[in-house]
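Peer 1: my questions concern the predicted model and sequence given below.
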Amino acid sequence: MQPVNTPLPPPVTHYENFPVASWLCPPHLRAPIAAIYAFARTADDIADEGPANAAQRLADLAAYRADLHAIAAAQAPSERWSAVFAPLAAMLKSHALPVPLLDDLLSAFIQDVEKTRDGAGYAHRTELLDYCRRSANPVGRLLLHLYGVQGAQALDESDAICTALQLINFWQDLSVDLPRARFYLPDEDCAAHGVDRAQLLALRPTAQTTALINELSRWTRATMLRGAPLVHRVPGRMGWELRLVVQGGLRILDKVDALQGRSLCQRPRIRAWDAPGMLARALAM
């Protein structure tokens with residue numbers, strides 16, 4: 001997201017491997033990418049880290065959002081996150097970063113806190129995709145903006161890759177998210193497979209939960225493949241980085257599939273020995 005936003009396979013959290021100072025990142029783009037990363041990483045930490053309760057997290061995110069709107073209006077932000085907003089303000093000015101995309105990211109973090117607080121899930125895939133539209137797709141669009149890549153098809157393909165990476169992160173992290181009352185498996189799909197919350201919270205695979213995860217994995221793989229042609233539209237180093245992103249995501253799905261439902265209790269992850277195969281597949285693209 002983790003989105004055209006990771007130089008390596010999908011990580012534990014959505015912004016963990018954002019391409020900051022990657023050797024594939026052109027030097028002139030490292031400052032704006034680092035500023036976007038710091039903004040997203042800090043917001044993610046506000047929403048997810050530390051002992052704060054939901055009310056405090058929501059209050060902090062509201063204050064953080066107010067600082068974003070302040071710098072967008074060329075006003076001074078608060079001192080609290082000056083290390084984030086001072087560089088970001090400079091990048092907004094020098095690179096004309098689209099502020100609505102940054103605001104979308106914050107709306108997704110707020111939604112995460114609210115849904116976790118209420119123990120709420122996602123009723124259907126459409127609702128989950130709307131979350132991905134705000135939690136993942138903005139990062140890809142921001143990077144395309146920096147690289148000067150435009151056009152409806154490129155944006156659609158970027159959205160498909162970013163959405164797929166976010167979904168992959170969900171299916172990869174079931175064993176972590178479910179105990180924390182984060183329910184990303186759509187209720188409609190669960191019902192179609194005869195799966196209820198109690199089965200999920202037991203973290204023990206059954207024939208029903210395995211069929212559910214396998215179907216969602218197939219859907220996610222198709223989404224990633226729909227976006228994969230973007231690697232040929234992005235110039236230079238970013239095109240190669242994007243190839244690794246796509247292949248890293250597909251490799252995680254391979255591992256989810258191989259576990260046959262045991263991702264409920266076991267987190268699949270990329271290992272060093274996966275790299276040669278991923279690189280070969282990236283070259284073959």
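Peer 2: Cool, the structure landed. Numbering: from 1, shown residues only.

Peer 1: could you use CA atoms for every contact and neighbour count after this?
Peer 2: OK.

Peer 1: so which helix or strand of this structure has the lowest pLDDT on average?
Peer 2: The least trusted helix or strand in the chain, going by mean pLDDT, DSSP states H and E, turns out to be helix 275-284, with a mean of 82.

Peer 1: which strands or helices does it pack on?
Peer 2: Using 3 or more CA pairs under 8 Å, 6 or more residues apart in numbering; DSSP states H and E, the elements in contact with helix 275-284 are helix 236-259.

Peer 1: and the helix it packs on, what's buried?
Peer 2: Neighbour-count burial for helix 236-259, with 16 or more other CA atoms under 10 Å as criterion, is recorded at 238-253, 255-257, 259.

Peer 1: quick one: it to helix 275-284, angle?
Peer 2: Orientation of helix 236-259 against helix 275-284 (axes from the mean of the first three to the mean of the last three CA atoms, to 10 degrees) gives an angle of 130 degrees.

Peer 1: what pLDDT, on average, does helix 236-259 get?
Peer 2: The pLDDT scores in helix 236-259 average 90.

Peer 1: now that helix - C-alpha only, PDB.
Peer 2: Below are the C-alpha coordinates for helix 236-259, written out as PDB (Å, rounded to 0.1, in the frame of the first residue of the first chain):
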ATOM      1  CA  GLY A 236      12.400   4.700 -16.300                       C
ATOM      2  CA  ARG A 237      13.100   3.600 -12.800                       C
ATOM      3  CA  MET A 238       9.500   3.900 -11.600                       C
ATOM      4  CA  GLY A 239       8.400   1.400 -14.200                       C
ATOM      5  CA  TRP A 240      10.900  -1.100 -12.800                       C
ATOM      6  CA  GLU A 241       9.900  -0.400  -9.200                       C
ATOM      7  CA  LEU A 242       6.300  -0.900 -10.200                       C
ATOM      8  CA  ARG A 243       7.100  -4.300 -11.700                       C
ATOM      9  CA  LEU A 244       8.500  -5.400  -8.400                       C
ATOM     10  CA  VAL A 245       5.400  -4.000  -6.600                       C
ATOM     11  CA  VAL A 246       3.100  -6.000  -8.800                       C
ATOM     12  CA  GLN A 247       5.100  -9.200  -8.500                       C
ATOM     13  CA  GLY A 248       5.400  -8.800  -4.800                       C
ATOM     14  CA  GLY A 249       1.700  -8.500  -4.400                       C
ATOM     15  CA  LEU A 250       1.100 -11.600  -6.600                       C
ATOM     16  CA  ARG A 251       3.600 -13.500  -4.600                       C
ATOM     17  CA  ILE A 252       1.800 -12.800  -1.400                       C
ATOM     18  CA  LEU A 253      -1.400 -14.000  -3.100                       C
ATOM     19  CA  ASP A 254       0.400 -17.200  -4.100                       C
ATOM     20  CA  LYS A 255       1.300 -17.800  -0.400                       C
ATOM     21  CA  VAL A 256      -2.300 -17.000   0.700                       C
ATOM     22  CA  ASP A 257      -3.500 -19.600  -1.800                       C
ATOM     23  CA  ALA A 258      -1.000 -22.100  -0.700                       C
ATOM     24  CA  LEU A 259      -2.100 -21.800   2.900                       C
END
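
Peer 1: which strands and helices sit next to that helix?
Peer 2: Right, helix 236-259 is packed against helix 152-172, helix 207-227, helix 275-284 by 3+ CA pairs under 8 Å, 6+ apart.

Peer 1: deepest in the core, which of those is it.
Peer 2: helix 152-172 (a mean of 25; mean count of other CA atoms under 10 Å).

Peer 1: run through who's touching the next helix or strand after that helix.
Peer 2: Tracing the chain past helix 152-172, the next element assigned as helix or strand by DSSP states H and E is helix 174-177. The set of residues that contact helix 174-177 without belonging to it, under CA atoms under 8 Å, 6 or more residues apart in numbering, is 170, 183, 203, 263-267.

Peer 1: and the gap between the closest residue to Ala282 other than its chain neighbours and Asp156?
Peer 2: If you skip the residues right next to it in sequence, Ala282 has Arg243 as its closest partner in space, 5.1 Å away by CA to CA, 6 or more residues apart in numbering. From Arg243 over to Asp156 the distance is 17 Å, taken as CA to CA, to the nearest Å.
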